Every structure is written in C-alpha cells, then in structure tokens.
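Trainee: Here is a sequence with its predicted model. Questions after.
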Amino acid sequence: MKLDKKGWGLAMMIVFMSILLAFLLLTVIMVYNFYRYKDNIFDMQNSSQQEPQFDNQVIQSNIRRYRTYESRIKQNAITYAYTYYVDIQEEGTRITVEEMVDKNIMTDLLDPEDGSVCTGYADLKIEDGKIISTPYLSCENYESAGYEG
C-alpha cells in the first residue's frame, strides 16, 4: 500500500470497496435470517411456559349460538305440543329434537365448532294452564346443565 500525493489508486479503492460490500452483504443476510426465524426461536423457548391462548370472541359467539339453539328447542317444543296435540303428563313429557326434525318443526342443529349434529330435548309441563318448556342441548363441545343423555 503505497501512499503518495495522488492518494490511493483505483486498484486499492476497488479492493477496499469489495471488502466493505462483503461485510454489508453479510450483515444484511444475518439481519434477514434473524427476523425470519425469530418467532420460531422465541416460540420454542416460551412454549413450555405459556398457557394456551383462546380467542374470547369466538368462544362468546359459540356460547350465544348454543343459547340460541336452546331457545329454539324451547319454542319449537311448545309449537310441536300444540300442533300435534301432545298429551302432557303430570310428571312432564319429553320431546326430542329428532322428533321435531322428523315433523319439520325445526332443522338439525349443528355444532358451531366442528359442524357435528347436536341432540337435545325439551321437558314440557303444565303450570297455571300454560305449557312450560325446559330445553336441554348436547353437542360435541357443549352440554346444557342438567342434560340427561
């Protein structure tokens, strides 16, 4: 490396710029790989420490749908009792979802989580001259309290 009044020569400048370009290229590749794989590395480190995350909005939406299904069972059982003149016993009468589907009072109820067919029934009683319906629903991922399967 000979230094004179003219400064560095063209050959020295090309060598120096090649070295800088190699370091810049190496840095870009390392940063790219870091951002590309950082999520996998952090997930592997934290996977044993974290609790599973649930989408609360989806859960609430599914619960509302199950409640809607119970409401449909309740109303359709009363309609079934009036339409087919069901003799409601003193101890109560049970009308299943399958019976209502067979008579086209309602359609099949599908589990919002996996699409499987839900089953259920309504217990009917007469109180003060009115039909009281208590619905029960059983799906793959949900079951009403008090359901007797």
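Mentor: Looks like it came in fine. This is a predicted model, so every value here is computed, not measured. Numbers count the residues shown, from 1 in each chain.
Trainee: what residues are up against residue 65?
Mentor: residue 112 (Cβ atoms under 8 Å, 6 or more residues apart in numbering). Using the backbone N, CA and C atoms, a C-beta is placed for each residue, glycine as well.
Trainee: distance of it from residue 125?
Mentor: Distance of residue 65 to residue 125, given as Cβ to Cβ, to the nearest Å: 27 Å.
Trainee: Break down the chain into its strands, ranges please.
Mentor: Taking DSSP state E, the strands of the chain run over residues 93-96, 119-127, 130-139, 142-143.
Trainee: Please name the strands paired to the third one in the sheet, noting orientation.
Mentor: Paired strands of strand 130-139, with direction, are strand 119-127 (antiparallel), strand 142-143 (antiparallel) (DSSP bridges).
Trainee: Any idea which of those gets closest to residue 55?
Mentor: Closest to residue 55 of those is strand 142-143 (Cβ to Cβ; 16.3 Å).
Trainee: tally of neighbours for the nearest residue to residue 93 once chain neighbours are set aside?
Mentor: If the residues on either side of it in the chain are set aside, residue 93 comes closest to residue 124, at 4.8 Å by Cβ to Cβ, 6 or more residues apart in numbering. Look at residue 124: counted by other Cβ atoms under 10 Å, it has 21 neighbours.
Trainee: Tell me what residue 124 is bridged to.
Mentor: Beta-bridge partners recorded for residue 124 (DSSP bridges): residue 93, residue 133.
Trainee: From residue 130, how far out is it?
Mentor: Residue 124 is 11 Å from residue 130, by Cβ to Cβ.
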